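**Q** sequence plus predicted model, see below.
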Amino acid sequence: MLRKIIQIEEEKCDGCGECVPNCAEGALQIIDGKARLISDLFCDGLGACIGYCPQNAITVVEREAEPYDEKQVMEYIVKGGSNVINAHLLHLKEHKEFDLFTQALDYLNDNGIENPLLKQNDGIETIQPHSCPGSREQSIEQSENESIPEEGQSKNYLRQWPVQLHLLTPHASFIKNADLLLAADCVPLAYPNFHKDFLNGKSVAIACPKLDSNKQSYLEKLILMIKESKIKSITVVIMQVPCCSGLFNLTMDAVEQAGIKIPVTVIVVGVQGEILQTETI
């Protein structure tokens with residue numbers, strides 16, 4: 001599969017080993033005087049090691065690689081003890097890899113290993129101070145008694161925050177049992193009545209199928225939304241440009257892999273703001 005993974009320029013690497021302890025996942029070793037990526041399975045592609053390489057020999061590239069395997073990583077991580085587990089969990093949270101974070105917690109629970117992020121005060125997991133406040137989940141209540149917008153203004157139908165698919169947790173309360181609007185991020189600019197015609201009554205996720213990284217994460221999130229959060233339907237709104245069809249293809253792959261039949265509606269918007277196609281599958 002195609003995914004982001006680190007690449008080491010051997011001619012630059014002097015084998016100092018600074019990167020090795022900063023890869024909590026255990027993907028790096030010094031072999032024959034050079035840093036080596038020992039397993040595609042262990043590299044999450046998030047690049048925690050890059051800032052610790054004094055020779056700038058490590059970069060992140062996109063290439064064919066084995067899928068990252070959180071279970072195998074956790075089998076390695078727990079051998080390092082509580083501090084290593086803590087560093088790995090924080091690493092996943094900082095990068096908003098909530099699917100992998102959930103898998104890591106499941107591994108700890110299944111094996112009776114204490115989660116070091118759980119504090120003693122009522123066992124509640126605290127929000128880390130370095131988490132971005134702007135991505136904190138919140139539901140936005142829509143009042144039926146809201147005043148009618150003034151002339152020239154449009155009503156806001158947004159029910160949640162955040163909206164970018166990378167930042168969304170598939171188990172968020174506003175996702176459960178919801179009708180999901182999955183929109184290419186150019187659509188709200190091209191279609192002036194986006195809120196009223198598309199967003200009304202739906203939870204929303206926006207994404208760019210061409211420019212966004214880690215499409216596998218998108219696929220996994222959608223599968224979890226379908227299987228575990230039991231979303232009722234997906235409306236995919238894309239632009240007429242060819243690359244936008246990737247968002248619809250991703251949705252259909254998620255429905256197929258989830259093994260649960262839900263209605264999928266695709267709406268294609270032209271660059272001049274007109275609806276070119278509407279089809280429910």
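**A** That came in fine, so what should we check first?
**Q** rest of the way, CA atoms for contacts and neighbours
**A** Fine.
**Q** low-confidence stretches in the protein?
**A** Counting by pLDDT under 70, the chain contains low-confidence ranges at 119-136, 142-152.
**Q** can you pull the contacts of the residue nearest to residue 39 when sequence neighbours are not counted?
**A** Spatial nearest neighbour of residue 39, excluding adjacent residues (C-alpha to C-alpha, 6 or more residues apart in numbering): residue 27 at 5.8 Å. Applying C-alpha atoms under 8 Å, 6 or more residues apart in numbering, we find residue 27 in contact with 37, 38, 39, 40, 42, 43.
**Q** any idea what residue 279 is bridged to?
**A** Applying DSSP bridges to residue 279 gives these bridge partners: residue 266.
**Q** and it, how many neighbours?
**A** Residue 279 has 11 neighbouring residues, counting by other C-alpha atoms under 10 Å.
**Q** for the residue nearest in space to the middle of the chain, helix, strand, or coil?
**A** Centroid-nearest residue in the chain: residue 166, 3.5 Å away (criterion: C-alpha atoms, centre = their mean). Classification of residue 166 by DSSP: H, G, I helix; E, B strand; the rest coil places it in coil.
**Q** next, give phi and psi for the closest residue to residue 83 other than its chain neighbours.
**A** On the basis of C-alpha to C-alpha, 6+ apart, the spatially nearest residue to residue 83 that is not a chain neighbour turns out to be residue 116, at 7.8 Å. Note on residue 116: backbone dihedrals following degrees, to the nearest 10 are phi -70, psi -10.
**Q** any idea how far residue 116 is from residue 87?
**A** 9 Å (C-alpha to C-alpha, to the nearest Å).
**Q** those two: which has the busier surroundings?
**A** It is residue 87, of residue 116 and residue 87, that has more neighbours when counted by other C-alpha under 10 Å, with 18 against 15.
**Q** so that one, which of the three states?
**A** Three-state secondary structure (criterion: three-state DSSP) places residue 87 in helix.
**Q** that one: what's its closest spatial neighbour, skipping adjacent residues?
**A** Closest residue to residue 87 apart from its sequence neighbours, by C-alpha to C-alpha, 6+ apart: residue 24 at 7.1 Å.
**Q** dump whichever strand or helix holds residue 76 to PDB, restricted to CA.
**A** Of the helices and strands defined by DSSP states H and E, residue 76 is found in helix 70-77. Only the C-alpha atoms of helix 70-77 are listed here, as PDB (Å, rounded to 0.1, in the frame of the first residue of the first chain):
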ATOM      1  CA  GLU A  70      -0.200  -0.800  16.000                       C
ATOM      2  CA  LYS A  71      -0.600  -4.200  17.800                       C
ATOM      3  CA  GLN A  72       3.000  -5.300  16.900                       C
ATOM      4  CA  VAL A  73       4.300  -1.900  17.900                       C
ATOM      5  CA  MET A  74       2.600  -2.100  21.300                       C
ATOM      6  CA  GLU A  75       4.100  -5.600  21.800                       C
ATOM      7  CA  TYR A  76       7.500  -3.900  21.500                       C
ATOM      8  CA  ILE A  77       6.500  -0.700  23.300                       C
END
